[in-house]
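Q: Just a sequence and a predicted model for now, questions to come.
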Amino acid sequence: MQIYLPIAEVSVNAFLLLGLGGIVGVLSGMFGVGGGFLMTPLLFFIGIPPAVAVATEANQIVASSFSGVLAHLKRKTVDLRMGTVLLIGGLVGSGLGIIIFNYLKAMGQVELLVQLCYVVFLGMIGTLMFFESLKAIRKSKKAGGVSVPTRRKHNWVHNLPFKMKFRVSGLYISVIPPLIVGVLVGVLAAIMGVGGGFIMVPAMIYLLGMPTKVVVGTSLFQIIFVTAFTTMLHATTNFTVDIVLAVLLLVGGVIGAQIGTRIGVKMKAEQLRIWLAIMVLAVCGKLAFDLLVMPSELFSLGTGGH
Amino acid sequence: MIRLLVLFLLIAAPVKAEEIVLGLSRDQVSITATFEGSEILIFGAIKRDAPIRTDSDLGVIVTVAGPDMPVTVRKKDRRLGIWVNTESVDVDVAPTFYAVATNRPLTEILTFTEDLNTRISTQRAIRSVGATVDSAETFTEALIRIRANQGLYQTLPTGVLVQEESLFRTLIPLPANLTEGDYKAEIYLTRGGEIVDLYTTTIPVKKVGLERWLYNLAHENAFLYGLMSLSIAIAAGWGASAIFTVLRR
């Protein structure tokens, strides 16, 4: 069934969108990621204009993270205070990101920027995760499945001023690092149309030293507000949020996420992480390939304007 | 007396020898939620006062043009190993849709000068005045090529069927990715490459129903539209979590 998207102004197959939403939903449920980093490139591939794909994906992430954060609130695994600090940084970053996005759009380089961001970040995160989980698998085999808890190390992060107590995370650290992490993730969310969980989660664990159990819930909490803010900015400055597209992706996504969560429970954490790493690297590889190989059509059209 | 009659005939001469009478299969194209593209049947007859001319060939040209809009054509080049947009040309006027259907190849039934004046061929329908790049033609060629691949620019050299030198009809396919606006349909009648009659009509292409409403809301009430998108997202997220909690019990 073909459906005409009022804002994207293209006609696409509704079942294709439901299916894409579903598959990405399953993956995001399995791995506990938003899935934006997979969905946005997929939307490019099926011919949705990049500006619409990025803005609409931000709106879809609001839905999936809201669904996720409710479960975490029940389990009390959300550090609201840390989330708020990250959020303040995130809103600033999101505003900056939109300014950069619109500036480059006028220059005709927005596609390049989005692709480069994807290649760099997916490549980095994918590689790190791949080796980290490979090491974890080896270690768990040696230790017979029992992992030895390591003592939290004190690094330069703990010597900065403006210290604050984060009770849920059990931390007493400066607000500067979380603010910076928030800003960075906000910029990326606006430019790449992603929630940024795949960057924030490692940053929270390795940089801020937060306990793993509160990391996912807290990042989801922050992501809801940052992506909601991004959606509003895109909707009011670029008019590129396509609500019909968002609804189709949502329906597939929320159902897929619930199925994915169930599959995820049955798999080992290290195995899950290694598959996620491979997937991230595959998307990265495809995008890098497109940048490096001579395109079949050298010319492209943009909306006019001087 | 005879002189007076000749003079009278000369004054009356502007009555055309051949004239177009037109019909359209539809006078409006509506873009609905399930719009998959469409087609317009343009048909008509040639009205004559005199017997059919045999001295020159009859040409029928049907053009359908979407609203004009400026467009930027960008070219990729290899920089530091990756392909990035470098040069660009701003095309001042380019129809968002353009179809030329003729009963025979355009160059056979339209002279070069007539094409220059009327801008019938696709190359002439596009105007880029302020192009500063040397190879501006390759950019307009690229524009035509890209839009032709999307079904937006069409050249149908035998698209018009002419019967008995007086009835003609053509089917113009409209792709799904149409831009809204007034589409101008023009039918030219030529003899020996010269235009003898022209008939112009407009076919509005409009989003209707939900599509119309959403598009207007997104542009005129962007803040409200954004809030609506967010509330749908929140409701869906909450709904999904609530439904699956119930199912789990």
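A: Ah, there it is. Residues are numbered from 1 along each chain as shown, chains lettered A, B, ... in the order given.
Q: residues from the stretch 201-306 of chain A in reach of chain B?
A: Proximity of the stretch 201-306 of chain A to chain B is assessed by CB under 8 Å from any CB of the partner chain, with A:228, A:231-232, A:235-236, A:239, A:241, A:243-244, A:246-247, A:250-251, A:254-255, A:257-258, A:291-295, A:297-306 identified as the residues in range. Where you see a C-beta, it was placed from the backbone N, CA and C, and this is true even at glycine.
Q: Please enumerate the strands of chain A.
A: Under the criterion DSSP state E, chain A carries strands at the ranges A:2-4, A:11-13, A:163-166, A:171-174, A:299-303.
Q: Redo these as CSV? Include mean neighbour count and mean pLDDT.
A: Converted to CSV, the strands of chain A look like this (neighbours: other CB atoms under 10 Å in any protein chain shown; pLDDT from 0 to 100):
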stretch, mean neighbour count, mean pLDDT
strand A:2-4, 20, 82
strand A:11-13, 18, 85
strand A:163-166, 14, 78
strand A:171-174, 17, 80
strand A:299-303, 16, 76
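Q: Tabulate the ones you listed (TSV), appending distance to residue A:204.
A: Supplementary listing: the strands of chain A in TSV, determined by distance: least, CB to CB, whole Å:
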stretch	distance to residue A:204
strand A:2-4	39
strand A:11-13	36
strand A:163-166	11
strand A:171-174	10
strand A:299-303	38
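Q: Find the centremost residue of chain B, please.
A: Nearest to the mean C-alpha position of chain B, by CA atoms, centre = their mean, lies residue B:65 at 2.5 Å.
Q: Nearest residue to it in space, please, no chain neighbours.
A: Taking CB to CB, 6 or more residues apart in numbering or on different chains, and ignoring the residues beside it in sequence, residue B:65 has residue B:95 as its nearest neighbour in space, at 4.4 Å.
Q: And for residue A:262?
A: Nearest residue to residue A:262, sequence neighbours excluded (CB to CB, 6+ apart): residue A:29, at 7.7 Å.
Q: who are the neighbours in contact with the one you found?
A: A:256, A:257, A:258, A:259, A:260, A:261, A:262, A:263, A:264 (CB atoms under 8 Å, 6 or more residues apart in numbering or on different chains).
Q: Could you look up the SS state of the residue in chain B that chain A sits nearest to?
A: Nearest residue of chain B to chain A (CB to the nearest CB) works out as residue B:70 at 2.7 Å. Each residue gets one of three states, and residue B:70 gets strand by DSSP: H, G, I helix; E, B strand; the rest coil.
Q: Let me see the domain layout of chain B.
A: By the record's domain assignment, chain B is partitioned as B:14-207, B:209-249 (automatic domain parsing).
Q: Tabulate the ones you listed (CSV), appending mean pLDDT and distance to residue A:76.
A: Below are the domains of chain B laid out as CSV (pLDDT from 0 to 100; distance: least, CB to CB, whole Å):
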stretch, mean pLDDT, distance to residue A:76
domain B:14-207, 83, 43
domain B:209-249, 85, 16
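Q: For those domains, could you give me a markdown table that also reports distance to residue A:6?
A: Listed next are these as a markdown table, based on distance: least, CB to CB, whole Å:
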| stretch | distance to residue A:6 |
| --- | --- |
| domain B:14-207 | 7 |
| domain B:209-249 | 4 |
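Q: what sits against the closest residue to residue A:249 other than its chain neighbours?
A: Using CB to CB, 6+ apart and skipping residues adjacent in sequence, the residue nearest residue A:249 is residue A:21, 4.1 Å away. With contacts taken as CB under 8 Å, 6+ apart, residue A:21 has the following neighbours: A:39, A:60, A:248, A:249, A:250, A:251, A:252, A:253, A:256.
Q: Relative to residue A:39, how far out is the last one?
A: Taking CB to CB, to the nearest Å as the measure, residue A:256 and residue A:39 are separated by 11 Å.
Q: The fourth one now?
A: Noted for residue A:249: a distance of 7 Å to residue A:39, by CB to CB.
Q: Now do the shared contacts for these two.
A: A shared contact of residue A:249 and residue A:39, defined by CB under 8 Å, 6+ apart, is any residue touching both; here these are A:20, A:21, A:57, A:60.
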